[in-house]
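>>> Let me see the structure of the following:
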Amino acid sequence: MSAGEKAKAKAEQVVGRAVRTLAHAVHKNDLAAKGAALEARGRMRGAKEGAKGYFKH
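Now for the predicted structure:
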């Protein structure tokens, strides 16, 4: 797993969680959904990179 891709996945997760939390605080459901989608994309990117590392051996 490349460090850059791992960092990008973690950053997407953190930003997505922050956007979702802030959007819930101000009652913006459409923005909360976008934050949740960004967080999920970060989790999937991390899972993809983990699988690449697992099958490399």
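>>> So what's the gap between the helix or strand bottoming out on mean pLDDT in the chain and the chain middle?
Here the helix or strand of the chain ranked lowest by mean pLDDT, DSSP states H and E is helix 29-55, holding a mean of 91. The chain centroid and the centroid of helix 29-55 are separated by 4 Å under C-alpha atoms, centre = their mean, to the nearest Å.
>>> for it, packing partners?
Secondary-structure packing of helix 29-55 (3 or more C-beta pairs under 8 Å, 6 or more residues apart in numbering; DSSP states H and E): helix 3-25. Glycine gets a C-beta too; all of them are placed from N, C-alpha and C.
>>> tell me the angle the least confident helix or strand of the chain makes with helix 3-25.
Counting by axes from the mean of the first three to the mean of the last three C-alpha atoms, to 10 degrees, helix 29-55 lies at 160 degrees to helix 3-25.
>>> buried sites along helix 29-55?
32, 35-36, 38-39, 42, 45-46, 49 (16 or more other C-beta atoms under 10 Å).
>>> could I get those residues as a markdown table with distance to residue 20?
Converted to a markdown table, the buried residues of helix 29-55 look like this (distance: C-beta to C-beta, whole Å):
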| residue | distance to residue 20 |
| --- | --- |
| 32 | 5 |
| 35 | 3 |
| 36 | 5 |
| 38 | 8 |
| 39 | 6 |
| 42 | 12 |
| 45 | 17 |
| 46 | 17 |
| 49 | 22 |
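>>> Was I right to think residue 43 contacts residue 10?
No - between residue 43 and residue 10 there is no contact under C-beta atoms under 8 Å: 9.9 Å.
>>> Surely residue 41 and residue 8 touch.
No - with contact defined as C-beta under 8 Å, residue 41 and residue 8 do not form a contacting pair (10.2 Å).
>>> For the nearest residue to residue 32 once chain neighbours are set aside, which residues are in contact?
Once flanking residues are discounted, residue 32 sits nearest to residue 23: 3.8 Å by C-beta to C-beta, 6 or more residues apart in numbering. Residue 23 is in contact with 29, 31-32, 34-35, counting by C-beta atoms under 8 Å, 6 or more residues apart in numbering.
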